[in-house]
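Peer 1: need a 3D model of the following:
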Amino acid sequence: MVESTATHKSLSGATYWFTGLSGAGKSTLSEALKKEIDTRTTDPTKVFILDGDIIRTGLNKGLGFSPEDRSENIRRISEVSKLFNMAGVIVFVAFISPYSKDRDFAKNLHKESGLKFFECHISASLEVCEGRDVKGLYKKARAGIIPVFTGISDPYEAPANAELNVNTGAQTLAESTSFVLKHMENQGVLVKKSAPRVAQSLVREPTATESAEYAGLTVLDIDIQQAQYLQTIGDGWAFPLKRFMNEIEVLESLHMKTVSDTNGERHLLSAVITQDVTDEQKAALAGHKKIAIKCSAISNDVLAVINEPVFFDNRKEEICARQFGCFGFNHPKAGVIAAQGNFLVSGSSMHFTKRVVFGDGMDKYRYTPTEISELIKARGADAVYAFQVRNPLHNGHVLLLKDTREQLIKQGYKNPILLLHPLGGWCKDDDVPLGPRIFQHQALIDDGTLPGEHIILAVWPSPMYYGGPTEVLWHASSRVGCGITHFITGRDPAGCKHPEDKTKDCYDVWHGQKLLVHNKGMLNGVEVLPFKVAAYNKVA
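Peer 2: Reported below is the predicted structural model:
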């Protein structure tokens, strides 16, 4: 079965009437919007562009530029746009349409039929438009070669109360496109197929009977890193995973970068999350119907129970090669996998009996997806942009995060907030530990460098993989489960040096970003915000 990658659907026809000077960008914006909506809906029939230059070569070929002909030009195209609108098509009308009375005619024509009509002033200034002069028309108008030209020898009556004011002279094309798309979502013209998803915690306090039973079970004692994975699954960060991966889930994740839920629907999950056992542990655990999981480095509590355990080979080379694109135990995560036991264990199900508490001073930052969702609601946020980081923030990061909020506000959001979500699990020894990183992040909030009223600072429990593009998918797909709307991704967010040649990067530094943008249709409607570089100057 070929799965649809559509993230949005159009619910109704609508006419977006783009008016503005020649060179303001009406046609360019229309084309960019059509391309984006075609991608989001995977349906190229939902949008039609009525472009003034093109219409004058056909339908309105015999009309000139007298006031009467201009009015007739707009009258005809008003009727045409109305028909498309009635048929459920989104219409972008890219016409200079300089006179208010003609635009009012178009508006009233739609209103009388109960159709959605939005007058949009593409408001680049005369100076900007004349500076662009792509077709050389302003130069000819100034020279008198074109005797009647809007803005030079003929008036342009700017809208007094346009539904949208799109200043293409101050905004990039991407910003203008996002601004209009946001309006379309607010008006119910274009809607996301999926509402923000909130993954539920899998932790359930055992009954007294279960507690008594679990106290007598054979125990698998796991280390701190595996406890981090246990929390990642139990809190809901690895949705739809509900246990340590079984063999088919490992294979699906390795080869397809997804894991299927109980209904057979595939969800992006590119990180293999397993529990290993040694030969001796397998021999001791085999034949038991249930296995208790503890982490004695933290406590003596039963943290989870594996029901009907199943053992299968830990194919270390295949797992490493598929996840890291190379195989060498000098790769930081491959070295961890090499030290694992020869078998992996899963089960028909797992009962997560107790939320993992590490007692390292960081537990207050380890919010579950549900808890973060509640914080988002409490802040009244209409957009949440997540930023994954495993290093202290530098000035480049701060500028990026502030600018992202400003850009979202320009797109029409009222209260976008940042989910500053540093990785809290295992990292290689030369990375900065979690504690100092969190204290630095918190200090930046406390001293006002970052605006605390617009930030949720939380720890994401997963260990690192240093898996390049594969891991970038994991970083984004996991955060989808706490209700974010946007995810920031940049340069080499999960990279490392090649295990056999430290002079080379193990991955192309931009492939993670490119792959994530390419797969954004699998992020439940979350928008990807790629950026080029957030750097700081090391030279005094």
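Peer 1: centre of the chain versus the helix or strand encompassing residue 165, how much separation?
Peer 2: Element membership for residue 165, per DSSP states H and E: strand 164-166. Counting by C-alpha atoms, centre = their mean, to the nearest Å, strand 164-166 is centred 25 Å from the centre of its parent chain.
Peer 1: so what touches the next helix or strand along the chain from that strand?
Peer 2: Note on strand 164-166: by DSSP H and E, the next helix or strand toward the C-terminus is helix 173-186. The contact list for helix 173-186 (C-beta atoms under 8 Å, 6 or more residues apart in numbering) reads 14, 16, 25, 28-29, 32-33, 36-37, 90, 118, 120, 163-164, 166, 168, 171, 190-192, 407, 410-413. C-beta here means a position set from N, CA and C on the backbone, and glycine is covered the same way.
Peer 1: so how many other residues sit close to residue 272?
Peer 2: Per other C-beta atoms under 10 Å, the neighbour tally for residue 272 reads 23.
Peer 1: count of neighbours near the closest residue in space to it that isn't next to it in sequence?
Peer 2: Nearest residue to residue 272, sequence neighbours excluded (C-beta to C-beta, 6 or more residues apart in numbering): residue 253, at 5.2 Å. Summarising burial for residue 253: neighbours were counted as other C-beta under 10 Å, giving 25.
Peer 1: in the helix or strand hosting residue 253, what counts as buried?
Peer 2: Element membership for residue 253, per DSSP H and E: helix 247-256. Residues of helix 247-256 classed as buried by neighbour count (16 or more other C-beta atoms under 10 Å): 249, 250, 252, 253, 254.
Peer 1: one more: stretch 325-333?
Peer 2: Here stretch 325-333 shows 325, 326, 327, 328, 331, 332, 333 as buried, counting by 16+ other C-beta under 10 Å.
Peer 1: which SSE is immediately downstream of the one helix or strand residue 105 maps to?
Peer 2: Under the criterion of DSSP H and E, residue 105 resides in helix 100-112. Proceeding N to C from helix 100-112, the next assigned helix or strand is strand 117-122, under DSSP H and E.
Peer 1: how about the helix or strand that that following strand is followed by: buried residues?
Peer 2: Per DSSP H and E, the first helix or strand lying C-terminal to strand 117-122 is helix 126-132. Across helix 126-132, burial judged by 16+ other C-beta under 10 Å covers 126, 128, 129, 130, 132.
Peer 1: so what's the third one closest to, chain neighbours aside?
Peer 2: Right, the one you point to is residue 129. residue 23 is the one closest to residue 129 (C-beta to C-beta, 6+ apart), at 3.6 Å.
Peer 1: wait, doesn't the one you found sit right on residue 141?
Peer 2: No - contact between residue 23 and residue 141 fails when scored by C-beta atoms under 8 Å: they sit 11.4 Å apart.
Peer 1: hey, where'd the helices end up in the stretch 1-150 of the chain?
Peer 2: 26-41, 52-55, 67-86, 100-112, 126-132, 137-142 (DSSP state H, counting those that start in this stretch).
Peer 1: picking that back up, how about the contacts made by the residue nearest to residue 272?
Peer 2: Contacts were defined as C-beta under 8 Å, 6+ apart; by that measure residue 253 touches 245, 259, 269, 270, 271, 272.
Peer 1: rerun at 6 Å
Peer 2: With contact taken as C-beta atoms under 6 Å, 6 or more residues apart in numbering, residue 253 is in contact with 259, 269, 272.
Peer 1: run a quick neighbour tally on residue 297.
Peer 2: Neighbour number of residue 297 under other C-beta under 10 Å is 11.
Peer 1: measure the residue nearest to it when sequence neighbours are not counted to residue 46 for me?
Peer 2: Among residues not flanking residue 297 along the chain, residue 224 sits closest, at 5.4 Å (C-beta to C-beta, 6+ apart). Distance, residue 224 to residue 46, using C-beta to C-beta, to the nearest Å: 51 Å.
Peer 1: among the helices of the stretch 1-150 of the chain, which is nearest residue 437?
Peer 2: helix 26-41 (35.8 Å; C-beta to C-beta).
Peer 1: follow-up on the earlier one: show me what the helix holding residue 105 is packed up against.
Peer 2: helix 67-86 (3 or more C-beta pairs under 6 Å, 6 or more residues apart in numbering; DSSP states H and E).
Peer 1: buried sites along the strand holding residue 165?
Peer 2: Those buried within strand 164-166 under the rule 16+ other C-beta under 10 Å are 164, 166.
Peer 1: partner strands of it and their direction?
Peer 2: strand 117-122 (parallel) (DSSP bridges).
Peer 1: mean confidence (pLDDT) on the strand it pairs with, please.
Peer 2: When pLDDT is averaged over strand 117-122, the result is 96.
Peer 1: what sits against residue 309?
Peer 2: Neighbour list for residue 309: 291, 345, 347 [criterion: C-beta under 6 Å, 6+ apart].
Peer 1: make sure I have this right: the first one is in a strand.
Peer 2: Yes - under the criterion used here (DSSP: H, G, I helix; E, B strand; the rest coil), residue 291 sits inside a strand.
Peer 1: so what sits opposite it in the bridge?
Peer 2: residue 306.
Peer 1: so where's the stretch 251-400 of the chain uncertain?
Peer 2: Within the stretch 251-400 of the chain, no range satisfies pLDDT under 70.
Peer 1: show me where it has its helices.
Peer 2: Using DSSP H, counting those that start in this stretch, helices in the stretch 251-400 of the chain cover 279-285, 316-324, 332-338, 369-379, 395-410.
Peer 1: any chance of those helices in a markdown table, plus distance to residue 515?
Peer 2: Converted to a markdown table, these look like this (distance: least, C-beta to C-beta, whole Å):
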| stretch | distance to residue 515 |
| --- | --- |
| helix 279-285 | 36 |
| helix 316-324 | 14 |
| helix 332-338 | 19 |
| helix 369-379 | 23 |
| helix 395-410 | 21 |
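Peer 1: between those, which gets nearest to residue 56?
Peer 2: Across these, closest to residue 56 is helix 395-410 (C-beta to C-beta), at 33.1 Å.
Peer 1: distance from the closest one to the middle of the chain?
Peer 2: That offset, for helix 395-410, works out to 16 Å (C-alpha atoms, centre = their mean).
Peer 1: for that helix, packing partners?
Peer 2: Using 3+ C-beta pairs under 6 Å, 6+ apart, helix 395-410 is in contact with strand 416-420.
Peer 1: what about residue 218, distance to residue 322?
Peer 2: In terms of C-beta to C-beta, residue 218 sits 32 Å off from residue 322.
Peer 1: who's more crowded, the two?
Peer 2: The residue with more neighbours, out of residue 218 and residue 322, is residue 322; 20 against 13, by other C-beta under 10 Å.
Peer 1: wait, doesn't the more buried one sit right on residue 254?
Peer 2: Yes - assessed by C-beta atoms under 6 Å, residue 322 is found in contact with residue 254 at 4.3 Å.
Peer 1: and the contacts of stretch 15-29?
Peer 2: 51, 81, 85, 91-94, 97, 110, 117-120, 122, 124, 129, 132, 137, 151, 156, 168, 176.
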